[in-house]
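# Sequence first, predicted model second:
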Amino acid sequence: MKTSLLKISLPLVLMFGATSAIADNENHSENSWYVAANGLNADYEGGLEESGYNVAVGKYLNKNISIELGYADFGGDAESVNGVDAEFEATAIQFSAVGYLPISQNAGLFARVGVERVRTDGTVNTLRANLDDTNPYYGVGGYLNVSENVDVRVEVQRHEILDTNLDTISAGITVKTF
């Protein structure tokens, strides 16, 4: 399943990046850096739903492709049932390529494909376990330029944590720094 998703996502990122002739979007200028911050809702397979955030720094390689290095906190949960206290939290360090498809001078779509190192922390009473796993992830979204240096973004992503699917919906801002 992971391999087939990558076979679909990677060509989409490259296709979006190769569409520079479709629209001339000056807001994503070559060699500029940006920072992004998003609030997210994480929906774990099996019914657990949590709130979290992600932050990233990125670099536009050209006006249609960027790369990002980020950190995501997918939220956590704590429960106490019949004297058993349990906690769960998942975070990730992420690296991705993002391809942009402008649909107007101030708005567009994007697709992302990347890899993330996920850390899952779990505690039951005094027993603590940490698990690390490296998995691909992907996403699609849209952006709107609200000023020359600021975009708002909405994105849906699919992750895998401990062989379980995790879907996130995020919204936030991207600020071009220099």
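In hand now; what should we look at? All values derive from a computational prediction rather than experimental measurement.

# Please identify the buried residues of stretch 32-51?
When neighbours are counted by 16 or more other Cβ atoms under 10 Å, the buried residues of stretch 32-51 are found to be Ser32, Tyr34, Ala36, Asn38, Leu40, Ala42, Asp43, Tyr44, Glu50. In this view, the C-beta of every residue, glycine as well, is placed from N, C-alpha and C.

# Would you point out which residue is most central in the protein?
Gln157 (6.0 Å; Cα atoms, centre = their mean).

# what residues are up against it?
Under the criterion of Cβ atoms under 8 Å, 6 or more residues apart in numbering, the contact partners of Gln157 comprise Arg112, Tyr137, Tyr138, Gly139, Asp167, Thr168, Ser170.

# Which entries within the residues you listed meet the buried criterion?
Among the contacts of Gln157, the ones that count as buried (16+ other Cβ under 10 Å) are Arg112, Tyr137, Tyr138, Gly139, Thr168, Ser170.

# Which one of those is nearest to Gly122?
When these are ranked by distance to Gly122 (Cβ to Cβ), Thr168 comes first, at 19.7 Å.

# any idea which element that closest one lies in?
Secondary-structure element containing Thr168, defined by DSSP states H and E: strand 164-176.

# average model confidence for that strand?
Summarised as a single mean, pLDDT over strand 164-176 is 94.
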